[in-house]
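Asks: Please work out how this folds:
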Amino acid sequence: MLARNMHPAVDLEGRAPSMPFALSRVTFDVLYSPRLVEAEWRSLEALPRNSLNQSFDWCTAWWRTRGLSPLILRGEIAGRPVMLMPLQVTSRFGLRTARFPGQRFNNVNTGIFSSDFPHLSGRDLASFTHSIRTCLAKHADILVLDGLPDVWNGSQNPFVALATSQNPNPSFQLPLRPSMEETIAQLHAKTRRKRHRSQRRRLDAIGGFSHYCPVEAREQHVLLDLFFQQKAERFAAFGLPNVFHPPEVQEFFHSLIDHSGGERDYMLRMHALRLHGVNEGTMVAISGLSRKGGHLLCQFGSIDDKLCPDASPGELLFWLMIEQACQEGGSVFDFGVGDQPYKHSWCPQRTLTQDMMLAITPKGRTAMPVLKRFARLRLAIKGDRRLYAAIQKVRAAVRL
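Replies: Residues are numbered from 1 along each chain as shown. Below is the predicted model of the structure:
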């Protein structure tokens, strides 16, 4: 099932958004310091239509930990920001590419738009792309925006009108109900309950367990470091490259914890399945969640299956996190991008996203045909599980 509209199109006060304005009224410029527009950015990012992955704290953490210079494309009407497009620019083979900060660690990309930003079509598209090219010509040869949902929380993404290909990585969601029983009723509830009881019995037999989600940031950081250790061991066991290995990536996620002091919304909060008895304190499964409004997103997860592999600790931790999310009024539990079997067992909804490539300079226009062919090849490879697994193993061997 393709998820198109998870929440109604309302603003933060529950009102319908105001009528869209004419795009011809918007003036565009480029900023190099996030602080110049921090207040406006934080106000716009709170709107349901805008992804957490383009929030102020997410982007500034990425720029800082990667040592990248911020670049923000801004659209205004009479001094009121109606669009903010945070970007990073990297150069490879002489081609300067601008894209969202966060790259592969982003799950859904929307950019930052006001509630009244219009849908793009016809002349608006030509005007919009001309403004982008004019502003970015000194900085980039091509603009690449990936993971764009057609509709997010009831609002159409303006950039989808410029999409050039489907993103090969769908994301998977479980709608949440007021209780766990109502939530799993959307799935094969009888099988799910039977499996859950079996998992609990097996862990009770070796001393029991608890759902561990510490409040203190220090303990959260300890859990995150343990996740990095567990994940490294799992990647090594399967001969796969470890995307969490670079120190700057680890520093980025630690920084997200430091910006997660909110009671309801947070960049990253760590959860674990902790054993008791003779294995007291052992964390056999660890996950990191983000939350914006009612939307909870699983950023990552790891397991240590040396003690109780038959108890499926990772799946049990998902049950406990989803159960807690129901109790706390969540509306969606998002398992994130990547097509994996366990997601199909939990998720009745699947969200497809689009990628957009826009040539900015003549050099970018020359490179476009090659980049489009590469995008089609990437989609074909991701669609062939065996071929993709073989390529992953080759990549891991090359890095050793």
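Asks: doesn't Asp355 make contact with Asn167?
Replies: Yes: here Asn167 reaches Asp355: they are 5.0 Å apart, a contact under Cβ atoms under 8 Å. Quick note: C-beta positions are derived from backbone N, CA and C, even for glycine.
Asks: Give me the common contacts of these two.
Replies: Common neighbours of Asn167 and Asp355 (criterion: Cβ atoms under 8 Å, 6 or more residues apart in numbering): 146-148.
Asks: Give me the buried subset of those residues.
Replies: Buried positions within the shared contacts of Asn167 and Asp355, assessed by neighbour count (16 or more other Cβ atoms under 10 Å), are 146-148.
Asks: tell me what the strand or helix carrying His271 is packed against?
Replies: Per DSSP states H and E, His271 falls inside strand 266-275. Under the contact criterion of 3 or more Cβ pairs under 8 Å, 6 or more residues apart in numbering; DSSP states H and E, strand 266-275 touches helix 56-66, strand 209-212, helix 217-238, helix 247-258, strand 283-292, helix 313-327.
Asks: the inter-axis angle of the host helix or strand of Gly336 versus strand 283-292?
Replies: Per DSSP H and E: Gly336 is located in strand 332-337. Counting by axes from the mean of the first three to the mean of the last three Cα atoms, to 10 degrees, strand 332-337 lies at 110 degrees to strand 283-292.
Asks: who's in contact with strand 332-337?
Replies: Contacts of strand 332-337 (Cβ under 8 Å, 6+ apart): 6, 107, 147, 169-176, 294-299, 321-322, 325, 343, 346-347.
Asks: 6 Å instead?
Replies: Residues lying outside strand 332-337 but in contact with it, judged by Cβ atoms under 6 Å, 6 or more residues apart in numbering, are 6, 107, 169, 171-176, 295-298, 322, 325, 343, 347.
Asks: any idea how far Leu174 is from Phe105?
Replies: Leu174 sits 21 Å away from Phe105, going by Cβ to Cβ, to the nearest Å.
Asks: Look at these two and report which has more neighbours.
Replies: For Leu174 versus Phe105, the count of surrounding residues by other Cβ atoms under 10 Å is larger for Leu174: 23 against 19.
Asks: State whether that one is indeed within a strand.
Replies: Yes: Leu174: assigned to a strand according to DSSP: H, G, I helix; E, B strand; the rest coil.
Asks: residues in contact with Ser179?
Replies: By Cβ under 6 Å, 6+ apart, Ser179 lies in contact with Cys326.
Asks: Provide the contact partners of stretch 21-31 at residue level.
Replies: Outside of stretch 21-31, the residues within contact range by Cβ under 6 Å, 6+ apart are 72-77, 116, 118, 124, 127, 131, 135.
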